[in-house]
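Student: Need coordinates for the following:
(one chain, ligands or ions: 1)
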Amino acid sequence: MTLPQDAPAHAVKTVIVPAAGMGTRFLPATKTVPKELLPVVDTPGIELIAEEAAHLGATRLAVITAPKKQEVLEHFKRFPELEATLESRGKTEQLEKVRRANQLIQPVSVVQEEPLGLGHAVSLAESVLDDDEDVVAIMLPDDLVLPMGVVEKMVEVREQLGGSVLCAVEVPEDEVYNYGVFEIEDADYDGPYTVKKVKGMVEKPSVEDAPSNFVATGRYLLDRKIFDALRRITPGAGGELQLTDAIDLLIDEGHPVHILVHDGKRHDLGNPGGYIPAVVDFGLSHPVYGKHLKRALRQILEEHGA
Ligand code: G1P
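Tutor: Residues are numbered from 1 along each chain as shown. Below you'll find the model as predicted:
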């Protein structure tokens with residue numbers, strides 16, 4: 001695949017998708033099924049990410065997996081026998097569903113041999129980039145950021161302010177310890193979005209030490225300089241190489257980093273407590289299942305006295 005002729009030179013070609021985690025919060029399902037293949041209604045989370053990346057205009061999905069999680073890549077391959085069977089039975093709708101992942105974007109496998117952290121996982125993707133790529137996007141498949149298209153907005157912000165742009169949301173103060181947290185100030189920005197300048201970033205601070213309640217939510221638009229910074233960090237929170245620490249290092253060295261404060265919805269597919277509402281949300285909007293699900297939910301809520 002190639003970029004469209006009229007794509008600007010700074011367009012995002014590669015979206016990096018770290019998908020090497022063990023999915024411990026989803027056991028026992030994740031004993032044999034990678035977390036990224038669990039369905040949101042009928043579509044694996046990783047396919048929703050591929051759709052978002054294709055929507056952004058990216059042509060390459062660098063999927064970082066553990067050696068034993070190659071099924072994630074399998075999902076993007078053709079399945080000729082199944083396609084032939086569906087075709088011979090006239091099941092065109094299902095046939096399209098089977099082919100869809102393969103048609104969205106070109107997946108590239110990057111294997112992380114050991115779980116050394118998100119920063120380490122991202123650093124491995126440098127090997128698949130072309131020389132002319134000066135910017136990459138990272139989409140964490142645990143995070144669904146809706147409506148689709150937030151990275152497009154971040155691209156616009158980068159066009160005006162340069163540097164790197166991250167997506168942020170505000171969370172209750174007592175929840176900051178789960179996230180990368182931003183120290184922020186007003187930005188010199190003139191445009192339609194809520195944008196702040198980042199003075200520093202800290203991974204999973206205690207509630208007392210958190211510099212704000214603006215946190216990173218799984219969408220990053222990073223200058224290629226990030227790979228150099230990733231080579232220079234040491235293990236941080238949880239003893240892992242943290243992407244947050246590399247971003248903080250870039251800020252220290254004068255690289256401009258801004259956040260776009262997301263004003264839409266977000267789901268956390270990384271644990272059952274966030275995954276279930278995501279499925280309900282997508283289910284309620286589904287043309288086939290929505291109506292019945294609404295009725296069923298009302299009944300369930302009643303039974304639970306809610
Ligand atoms: C990762 C990042 C963290 C970010 C979060 C968003 O943490 O390290 O900075 O806020 O994703 O979901 P994880 O959820 O993988 O522990």
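
Student: Could you use CA atoms for every contact and neighbour count after this?
Tutor: OK.

Student: Contacts only, for Leu222.
Tutor: Val135, Val136, Ala137, Ile138, Gly163, Ser164, Val165, Leu166 (C-alpha atoms under 8 Å, 6 or more residues apart in numbering).

Student: and what of Leu249?
Tutor: Neighbour list for Leu249: Ala229, Ile233 [criterion: C-alpha under 8 Å, 6+ apart].

Student: Am I right that it is in a helix?
Tutor: Yes: counting by DSSP: H, G, I helix; E, B strand; the rest coil, Leu249 is located in a helix.

Student: Distance of it relative to Val72?
Tutor: Leu249 sits at a distance of 32 Å from Val72 (criterion: C-alpha to C-alpha, to the nearest Å).

Student: before we move on, what about Gly90?
Tutor: Distance, Gly90 to Val72, by C-alpha to C-alpha: 28 Å.

Student: Give the buried residues for stretch 230-248.
Tutor: Leu230, Ile233, Gly236, Leu241, Gln242, Leu243, Thr244, Asp245, Ala246, Ile247, Asp248 (16 or more other C-alpha atoms under 10 Å).

Student: Please enumerate the helices of the stretch 51-200 of the chain.
Tutor: Residue ranges of the helices in the stretch 51-200 of the chain, as given by DSSP state H, counting those that start in this stretch, are 71-74, 80-88, 92-104, 118-124, 150-161.

Student: Including mean neighbour count, could the ones you listed go into a markdown table?
Tutor: Below are the helices of the stretch 51-200 of the chain laid out as a markdown table (neighbours: other C-alpha atoms under 10 Å):
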| stretch | mean neighbour count |
| --- | --- |
| helix 71-74 | 17 |
| helix 80-88 | 13 |
| helix 92-104 | 16 |
| helix 118-124 | 22 |
| helix 150-161 | 19 |
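
Student: wait, which of those helices is closest to Pro192?
Tutor: Nearest to Pro192 among the helices of the stretch 51-200 of the chain is helix 150-161 (9.5 Å), distances taken as C-alpha to C-alpha.

Student: ok now that closest one, how far from the chain's centre?
Tutor: The gap between where helix 150-161 is centred and where its chain is centred comes out at 16 Å by C-alpha atoms, centre = their mean, to the nearest Å.

Student: And for stretch 33-50?
Tutor: With C-alpha atoms, centre = their mean as the basis, the mean position of stretch 33-50 lies at 12 Å from the chain mean.

Student: Any idea how far apart the tips of that stretch sit?
Tutor: Stretch 33-50: ends 19 Å apart by C-alpha to C-alpha.

Student: Then stretch 11-28?
Tutor: 40 Å.

Student: Likewise for stretch 211-231?
Tutor: End residues of stretch 211-231 are separated by 26 Å (C-alpha to C-alpha).

Student: hmm, that stretch in reach of the ligand?
Tutor: Yes: Stretch 211-231 lies within reach of the ligand by C-alpha under 6 Å from any ligand atom, at Val215, Ala216, Thr217, Gly218.

Student: my guess is the third one meets Asp143, correct?
Tutor: It refers to Thr217. Yes: Thr217 is in contact with Asp143 according to C-alpha atoms under 8 Å; the separation is 6.7 Å.

Student: Which pair in the contacts of Leu222 has the greatest spatial separation?
Tutor: Maximum pairwise distance in the contacts of Leu222, criterion C-alpha to C-alpha, is 14.9 Å, between Ile138 and Gly163.

Student: can you list contacts of stretch 62-79?
Tutor: By C-alpha under 8 Å, 6+ apart, the surrounding residues in contact with stretch 62-79 are 14-21, 34, 36-37, 46, 98-99, 101-102, 107-115, 121-122, 124-125, 128.

Student: Tell me the one of the buried residues of stretch 230-248 nearest Val198?
Tutor: Among the buried residues of stretch 230-248, Asp248 lies closest to Val198 (C-alpha to C-alpha), at 9.0 Å.

Student: so what's the closest one up against?
Tutor: With C-alpha under 8 Å, 6+ apart, Asp248 has these contacts: Gly200, Met201, Val202.

Student: Would you list the phi and psi of the last one?
Tutor: Val202 has phi and psi values of phi -130, psi 140 when expressed as degrees, to the nearest 10.

Student: Now do the same for it: its pLDDT.
Tutor: Per-residue pLDDT puts Val202 at 98.
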